[in-house]
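Student: I'd like to go over a predicted model; first the sequence, then the structure.
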Amino acid sequence: MKVSELMTSDAISVMPDDTAGFAAALMARHNIGALPVCTPAGALRGIVTDRDITLRCISNDCDPYQTCVREIMSRNISSVSPDADIREAARIMADKKVRRLPVVNEGKIEGMLSLGDIAKSRSSDIEASKALSDISMPDGKHRI
């Protein structure tokens, strides 16, 4: 099964100069925990998560309406192609210990794939289970 069959294709994104408060409001409105950070042309620059907002902004006493997303976003993120096999996406999630992957085609965001998307697919429940187990394992420890 291909990533394009399970991804959310109409991913909501923010721009680097948007505020953390704006990003948090979007996450709350759409019940999501991560937003790709893109240029106006759709080029992926990073990802901002609810955890980034909490740990890199709020816990440092920064005003979320004065703090730009570019200051707290994660950079050098992994992504996956829409044509990639879902098992490859699950392996990337497990290796990088992430629950969400931007889906990128020719440098532009096409969607988002979450571990939950994989888990919903009956044919991919083993991959989702293994990825979740690997993501949840503390660094330096290996599954037996």
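Tutor: That came through fine.
Student: export the helix or strand where Leu26 lies as CSV, just CAs?
Tutor: Taking DSSP states H and E as the definition, Leu26 sits inside helix 20-30. Taking Å, rounded to 0.1, in the frame of the first residue of the first chain, the C-alpha atoms of helix 20-30 are listed here in CSV:
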residue,chain,number,x,y,z
ALA,A,20,3.1,30.0,18.0
GLY,A,21,-0.2,31.3,19.3
PHE,A,22,-1.7,31.2,15.7
ALA,A,23,-0.3,27.7,15.2
ALA,A,24,-1.8,26.5,18.5
ALA,A,25,-5.2,27.9,17.6
LEU,A,26,-5.1,26.1,14.3
MET,A,27,-4.2,22.8,16.1
ALA,A,28,-7.1,23.3,18.5
ARG,A,29,-9.6,24.2,15.8
HIS,A,30,-8.6,21.1,13.6
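Student: now for that helix, which elements pack on it?
Tutor: strand 34-38, helix 69-72 (3 or more C-beta pairs under 8 Å, 6 or more residues apart in numbering; DSSP states H and E). From N, CA and C alone the C-beta is placed, and that goes for glycine too.
Student: any chance of those in CSV, plus mean neighbour count?
Tutor: Below are the helices and strands packed on helix 20-30 laid out as CSV (neighbours: other C-beta atoms under 10 Å):
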stretch, mean neighbour count
strand 34-38, 25
helix 69-72, 20
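Student: burial measure for Asp10, as a count.
Tutor: Asp10: 8 surrounding residues under other C-beta atoms under 10 Å.
Student: Any idea which helix or strand in this structure has the lowest mean pLDDT?
Tutor: When the helices and strands of the chain are scored by mean pLDDT, DSSP states H and E, helix 125-136 comes last with a mean of 53.
Student: about what we covered before: I'd like to know which of the helices and strands packed on helix 20-30 lies nearest to Ile58.
Tutor: helix 69-72 (9.8 Å; C-beta to C-beta).
Student: Next, please give the residue ranges for the strands of the protein.
Tutor: Listed in chain order, the strands of the chain (DSSP state E) span 34-38, 44-49, 100-105, 108-114.
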